[in-house]
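> Requesting a structural model of the entry that follows:
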Amino acid sequence: KSLEEEQAALRGNAIGRFESFIGNYPDDPVYTPDAMFRLSELYFERSYLAYLDDQDSYEERIDGWTPDSEEPEPPEPEFHYEPTIAMMQRLVTEYPGYRLVDGARYLLGYCLGEQGEDERAKDVYERLVAEAPNSRFTAEVWTRIGEYYFNTSDLERAAAAYNKVLGHYDSPFYDKALYKLAWT
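Next comes the predicted model:
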């Protein structure tokens with residue numbers, strides 16, 4: 001517990017320093033995009049850990065709640081990745097040639113999807129594979145695109161997306177894409 005508290009304090013300190021750097025150097029072509037990328041990752045970590053804390057609290061509340069009680073059912077926690085989304089969106093917009101732009105687009109799409117903004121996530125993912133077809137995220141992103149279309153009953157597009165994963169035999173998403181393609 002004390003290590004987690006120390007880590008949170010160090011993360012908060014790092015966030016402050018990166019925010020200060022970006023405020024002082026908002027458009028340095030070399031260092032600002034790296035600072036933005038790392039700041040986004042720190043925001044993501046902070047938000048994810050807050051979600052896990054909220055989930056623990058929710059589980060305690062739901063264990064003590066009964067449908068017969070006069071209290072409404074406790075709401076499930078939600079992800080809040082707004083700071084990560086805002087910073088990654090700024091990064092991909094202001095620095096489209098950044099060397100890690102595929103990772104920025106991946107995290108942007110992932111956070112949007114976790115917050116239930118599936119169509120926006122799909123759009124980000126489609127841009128990622130269009131601009132960086134050989135990215136290390138390609139197989140996963142095509143799988144996620146396939147899931148979007150599968151869930152919206154656009155089976156032709158789902159199948160096309162899953163087919164894009166089949167050339168990536170070494171990917172952990174290969175089996176899922178193959179299974180979902182057969183199901184589609």
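
> now what about stretch 168-179, what contacts it?
Residues from elsewhere that reach stretch 168-179 (Cβ atoms under 8 Å, 6 or more residues apart in numbering): 138-140, 142-143, 146, 162, 165-166. C-beta here means a position set from N, CA and C on the backbone, and glycine is covered the same way.

> Report all helices and strands that whatever helix or strand Asp53 lives in contacts.
Taking DSSP states H and E as the definition, Asp53 sits inside helix 31-64. Under the contact criterion of 3 or more Cβ pairs under 8 Å, 6 or more residues apart in numbering; DSSP states H and E, the helices and strands touching helix 31-64 comprise helix 2-24, helix 82-94, helix 101-114.

> So which of those is the most surrounded?
Here the criterion is mean neighbour count by mean count of other Cβ atoms under 10 Å, and of the helices and strands packed on helix 31-64 the winner is helix 101-114, at a mean of 23.

> any chance of the helices and strands packed on helix 31-64 in JSON lines, with mean pLDDT too?
As requested, the helices and strands packed on helix 31-64 are arranged in JSON lines below (pLDDT from 0 to 100):
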{"stretch": "helix 2-24", "mean pLDDT": "96"}
{"stretch": "helix 82-94", "mean pLDDT": "97"}
{"stretch": "helix 101-114", "mean pLDDT": "98"}
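
> out of the contacts of stretch 168-179, which one sits closest to Asp56?
For the contacts of stretch 168-179, the minimum distance to Asp56 (Cβ to Cβ) is 28.1 Å, reached by Glu140.
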